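Enquirer: Give me the fold of what follows.
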Amino acid sequence: GMFVPAIRGQGTDEQHEKWLPLAYKMQIIGCYAQTELGHGSNVQGLETTATYDRNSDEFIIHSPTLTSSK
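Expert: Below is the predicted model:
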């Protein structure tokens with residue numbers, strides 16, 4: 001699976017400390033998903049960002065180019 005590798009490769013130290021022990025002990029279930037027209041399996045080339053907006057309690061998704069379309 002890609003859940004734990006995604007946390008290890010993309011997470012902060014704080015996220016590693018919180019989530020990895022739980023994942024290794026199978027105390028949480030996670031998943032990983034990605035898609036962009038121009039990037040296939042090149043995860044590091046993804047252009048889309050998701051920014052949490054505290055005022056609306058929602059994530060703002062920004063896909064800046066055609067290749068970042070879903």
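
Enquirer: what's near enough to touch Ala23?
Expert: Shown in contact with Ala23 (C-beta atoms under 8 Å, 6 or more residues apart in numbering): 3-4, 7, 30. C-beta here means a position set from N, CA and C on the backbone, and glycine is covered the same way.

Enquirer: Gly1 reaches Tyr32, doesn't it?
Expert: Yes - Gly1 is in contact with Tyr32 according to C-beta atoms under 8 Å; the separation is 7.3 Å.

Enquirer: how's the chain carved up into domains?
Expert: The chain breaks down by automatic domain parsing into domains covering 1-33, 36-70.

Enquirer: can you list those in CSV and add mean pLDDT?
Expert: Output for these, formatted as CSV (pLDDT from 0 to 100):
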stretch, mean pLDDT
domain 1-33, 93
domain 36-70, 88
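
Enquirer: just to revisit the earlier point, which residue of Gly1 and Tyr32 possesses the greater neighbour count?
Expert: Higher neighbour count among Gly1 and Tyr32: Tyr32, with 13 against 9, using other C-beta atoms under 10 Å.

Enquirer: contacting residues for that one?
Expert: Going by C-beta under 8 Å, 6+ apart, Tyr32 touches 1-3, 5-6.

Enquirer: Alright, calling it a day.
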